[in-house]
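**Q** Could you look at this predicted model? Sequence included:
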Amino acid sequence: MVKQGTAAQRAEGIIKKLHTLAKPQNLAGMARYGIVPKNGLGVNMPNLRAIAKECGKNHALAQKLWASGIHDARILAALVDEPEKVTPAQMDRWVKTFYSWDVCDQACGNLFDKTPYAYAKARQWQRDRREYVKRAGFVMMAVLSVHDKRADDARFSAFLPMIREGAADGRNFVKKAVNWALRQIGKRNPALRKKALALAEELAASPEASSRWVGRGAVCELQKTVTRRSRRTAGK
């Protein structure tokens with residue numbers, strides 16, 4: 001793998017390395033989880049993370065890896081890019097090419113949520129009609145709930161009306177992200193859990209099938225969270 005040279009030269013060396021690590025047999029397993037890579041090599045995540053660690057953060061390199069169009073290289077691009085150098089325009093360019101939930105989730109959870117534009121993009125993308133762009137909006141809500149420890153509750157309370165509306169979208173990869181966002185917001189703290197559980201119960205009683213699915217799943221997990229916390233408190 002090329003450690004020196006231009007971003008294009010380094011990307012070429014990395015892509016050669018990815019080809020040596022290719023496991024076509026992994027692609028069938030990925031398909032069982034709804035991942036059908038375009039131009040995929042089947043490189044596993046531990047190998048991608050090891051390469052990312054070796055590469056270090058490099059914005060120019062990330063752009064070249066993404067431009068290759070190789071599924072594995074695009075996941076790697078999200079791992080090596082520098083959040084402070086990412087622009088809203090780049091985020092929109094990348095998100096409109098999402099075709100798989102794993103690329104979507106890796107880009108959102110490893111890169112986009114660390115940019116100054118994360119909350120704005122969550123609000124923007126959840127309004128989009130394209131399946132994976134819309135998914136990205138709700139994935140952003142979920143990963144921000146986990147990663148942004150210092151954010152105040154108001155940021156997440158503001159997402160709840162969007163989740164209520166998004167729950168009606170019956171497309172598989174959208175409703176799963178909506179459910180994920182609702183659950184993660186509810187697990188931040190007791191105040192948000194109360195609000196998220198109230199919404200989950202409302203959705204669980206909906207006449208609309210997708211909303212019921214989102215609500216019931218969230219109710220189940222958030223009630224378990226309350227029970228676990230109560231048991232830990234009682235044991236003190």
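**A** In hand now; what should we look at? The structure displayed is predicted, hence computed values, not measured ones.

**Q** Pull the contacting residues for the residue most central in space within the chain.
**A** What sits nearest the mean C-alpha location of the chain, by CA atoms, centre = their mean, is residue 105, with 2.7 Å. Shown here is residue 105, whose contacts under the criterion CB atoms under 8 Å, 6 or more residues apart in numbering are 139, 143. Every C-beta, even on glycine, is put in place using the N, C-alpha and C of the backbone.

**Q** thinking residue 185 is in contact with residue 191, fair?
**A** No. Using CB atoms under 8 Å, residue 185 is not in contact with residue 191, being 10.8 Å away.

**Q** who touches the helix or strand hosting residue 91?
**A** Element membership of residue 91, judged by DSSP states H and E, is helix 88-95. Residues external to helix 88-95 that are found in contact with it (CB under 8 Å, 6+ apart): 66, 104, 107, 112, 115, 117, 120, 121, 125, 132, 133, 136.

**Q** Mind putting the residues you listed into CSV with pLDDT?
**A** As requested, these are arranged in CSV below (pLDDT from 0 to 100):
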residue, pLDDT
66, 97
104, 97
107, 98
112, 98
115, 98
117, 98
120, 98
121, 98
125, 98
132, 97
133, 98
136, 98
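
**Q** After the lowest-mean-pLDDT helix or strand in the chain, which helix or strand is next?
**A** Among the helical and strand segments of the chain, the one scoring lowest on mean pLDDT, DSSP states H and E is helix 24-32, with a mean of 71. Scanning forward in sequence from helix 24-32, with DSSP H and E defining helices and strands, the next element found is helix 45-55.

**Q** quick revisit: report the angle between the very next helix or strand once past the helix holding residue 91 and helix 45-55.
**A** Proceeding C-terminally, helix 88-95 gives way to helix 101-110 as the next helix or strand, assigned by DSSP H and E. Here helix 101-110 runs at 40 degrees with respect to helix 45-55, directions being taken by axes from the mean of the first three to the mean of the last three CA atoms, to 10 degrees.

**Q** and the angle for helix 101-110 with helix 88-95?
**A** Going by the same axes, to 10 degrees, helix 101-110 makes 160 degrees with helix 88-95.

**Q** Would you mind writing the CA trace of helix 101-110 as CSV?
**A** Output for helix 101-110, consisting of C-alpha atoms alone and laid out as CSV, is shown next (Å, rounded to 0.1, in the frame of the first residue of the first chain):
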residue,chain,number,x,y,z
TRP,A,101,-27.9,0.9,4.2
ASP,A,102,-24.4,0.0,5.3
VAL,A,103,-22.7,2.7,3.3
CYS,A,104,-25.4,5.1,4.5
ASP,A,105,-24.9,4.2,8.2
GLN,A,106,-21.1,4.1,8.0
ALA,A,107,-20.9,7.6,6.4
CYS,A,108,-23.4,9.0,8.9
GLY,A,109,-21.9,7.4,12.0
ASN,A,110,-18.2,7.7,11.2
